[in-house]
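S.K.: sequence first, then the predicted structure:
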Amino acid sequence: MVFAWGFWAHKRINNKAVFTLPPEMIGFYKKNIDYISEHAVDPDKRRYAFAEEAPRHYIDLDHYGEHPFDSVPKFWNDAVKKFSEDTLNAYGIVPWWIDKMLSRLTEAFKAKNPDKILKLSADIGHYIADAHVPLHCTENYNGQMTNQVGIHGFWESRVPELFGDEYDYFTGRAEYISKPMDKIWQIVRESFNAKDSVLKFEVMLNEKFSQDRKYAFEQRGTTTMKVYSKEYTEEYSKMLDGMVERRLRSSIIDVGSFWYTAWVNAGQPDLDEIKEFKLSDEEKKKQEEEDKMWRTGKVKSSKGHDDEN
């Protein structure tokens, strides 16, 4: 199971995105910033709970040929006509899923439903962040095709966990996105164009390091884990010349901008009217069920569940 960005970074992205929002929105989001941050990882947990969740996190663009952006239609219905829904789900649907989540968040704002606004805000933040990860745009998502197994977690978890506290998180204010699908495909294109460097630099670095210098052992609670050494990780981060930080910063401003866009498209409802609320018992129960399935590793079909997630 490969997760984009890792739990630490997903939580950090949603948390920092709150501070990109305008005064009319930030009060509601700051009041609920703990929820927005903690539940940034819910979609990854749902991979264990619902079999249909996984394709929503990635798109294997290289499956569609040497020039995928010329081959893959921008909009879902056109893509289905060309490739079929089964094929699209087999190779990932993250661009279209973000667009679907934007529509759902817009409807939640129109209804002034705080439960759904928070849940969908946390969720769309996760999928937008996933789209910023270069290895979520290729079939070689974990280096399994190039003898680099483990590089996914190396790039998206180990690097930011070691050096993320040093990153600059000031990104400016969220902006209205007039053409969401153009923006989504821009994000994906940037990620896809970066994947070769992600893989190539690790190959080059691997040739310079012996195995005992490449890896180290760290204590995580009661478990001793084999991890990429700090020396190896630091050298890789330098070779990437700030790529991880740039993609993380881009995730933050884009998440805030999609939240803002949904709010504007909903008619800019007054969020102060719903700022003081308690999460419904129904929503708490759903979260408890998903957490339980995540912990036990039980997966079931999500038939009839799509409208909620």
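M.R.: It's in.

S.K.: show me what stretch 105-124 is in contact with.
M.R.: With C-beta atoms under 8 Å, 6 or more residues apart in numbering as the test, stretch 105-124 has contacts from 14, 28-29, 32, 35-36, 39-40, 42-43, 98, 101-102, 104, 255, 258-259, 262-263, 265-267, 269, 273-274, 277, 279-280, 282-283, 309. From N, CA and C alone the C-beta is placed, and that goes for glycine too.

S.K.: out of those, which are buried?
M.R.: Buried members of the contacts of stretch 105-124, counted by 16 or more other C-beta atoms under 10 Å: 14, 28-29, 32, 35-36, 39-40, 42-43, 98, 101-102, 104, 255, 258-259, 262-263, 265-266, 269, 274, 283, 309.

S.K.: where's the residue nearest to residue 280 when sequence neighbours are not counted, which helix or strand?
M.R.: Setting aside the residues directly before and after it, residue 280 is nearest to residue 115 in space (C-beta to C-beta, 6 or more residues apart in numbering), at 5.2 Å. Taking DSSP states H and E as the definition, residue 115 sits inside helix 114-131.

S.K.: residue 246: neighbouring residues, count only.
M.R.: By the criterion of other C-beta atoms under 10 Å, residue 246 has 15 neighbours.

S.K.: doesn't it fall inside a strand?
M.R.: No - secondary structure of residue 246 (DSSP: H, G, I helix; E, B strand; the rest coil): helix, not part of a strand.

S.K.: for the stretch 201-309 of the chain, which segments are assigned as helices?
M.R.: In the stretch 201-309 of the chain, the helices defined using DSSP state H, counting those that start in this stretch lie at 211-214, 230-239, 243-265, 281-296.

S.K.: format the ones you listed as JSON lines; extra columns: distance to residue 70 and mean pLDDT.
M.R.: As requested, these are exported to JSON lines (distance: least, C-beta to C-beta, whole Å; pLDDT from 0 to 100):
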{"stretch": "helix 211-214", "distance to residue 70": "39", "mean pLDDT": "95"}
{"stretch": "helix 230-239", "distance to residue 70": "30", "mean pLDDT": "97"}
{"stretch": "helix 243-265", "distance to residue 70": "24", "mean pLDDT": "98"}
{"stretch": "helix 281-296", "distance to residue 70": "39", "mean pLDDT": "72"}
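
S.K.: mind putting those helices in CSV, distance to residue 123 included?
M.R.: Formatted as CSV, the helices of the stretch 201-309 of the chain follow (distance: least, C-beta to C-beta, whole Å):
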stretch, distance to residue 123
helix 211-214, 36
helix 230-239, 29
helix 243-265, 11
helix 281-296, 12
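
S.K.: could you say which of those is packed most deeply?
M.R.: Ranked by mean neighbour count, the helices of the stretch 201-309 of the chain are led by helix 243-265 with a mean of 23 (mean count of other C-beta atoms under 10 Å).

S.K.: that helix packs against which elements?
M.R.: Contact analysis of helix 243-265 by 3 or more C-beta pairs under 8 Å, 6 or more residues apart in numbering; DSSP states H and E lists helix 6-17, helix 23-31, helix 94-111, helix 114-131, helix 159-163, helix 180-206 as its packing neighbours.

S.K.: what's the angle from it to helix 180-206?
M.R.: 170 degrees (axes from the mean of the first three to the mean of the last three C-alpha atoms, to 10 degrees).

S.K.: would you check that residue 93 makes contact with residue 59?
M.R.: Yes - using C-beta atoms under 8 Å, residue 93 is in contact with residue 59, at 6.7 Å.

S.K.: for these two, indicate the residue with more neighbours.
M.R.: Set side by side, residue 93 and residue 59 show more neighbours around residue 59, with 27 against 23, by other C-beta under 10 Å.

S.K.: isn't that one right up against residue 92?
M.R.: Yes - counting by C-beta under 8 Å, residue 92 is a contact partner of residue 59 at 3.7 Å.

S.K.: and stretch 224-232, end to end?
M.R.: Counting by C-alpha to C-alpha, to the nearest Å, you get 19 Å between the two ends of stretch 224-232.

S.K.: who touches it?
M.R.: Under C-beta under 8 Å, 6+ apart, the answer for stretch 224-232 is 150, 154, 158, 162, 205, 209, 213-219, 236.

S.K.: starting at the chain centroid, how far to that stretch?
M.R.: Mean-position distance between stretch 224-232 and its chain equals 24 Å (C-alpha atoms, centre = their mean, to the nearest Å).

S.K.: repeat that for stretch 197-207.
M.R.: 24 Å.

S.K.: contacts for that stretch next, please.
M.R.: With contact meaning C-beta under 8 Å, 6+ apart, stretch 197-207 is reached by 134-135, 140, 143, 146, 148, 151, 154-155, 214, 232, 235-236, 239-240, 243.
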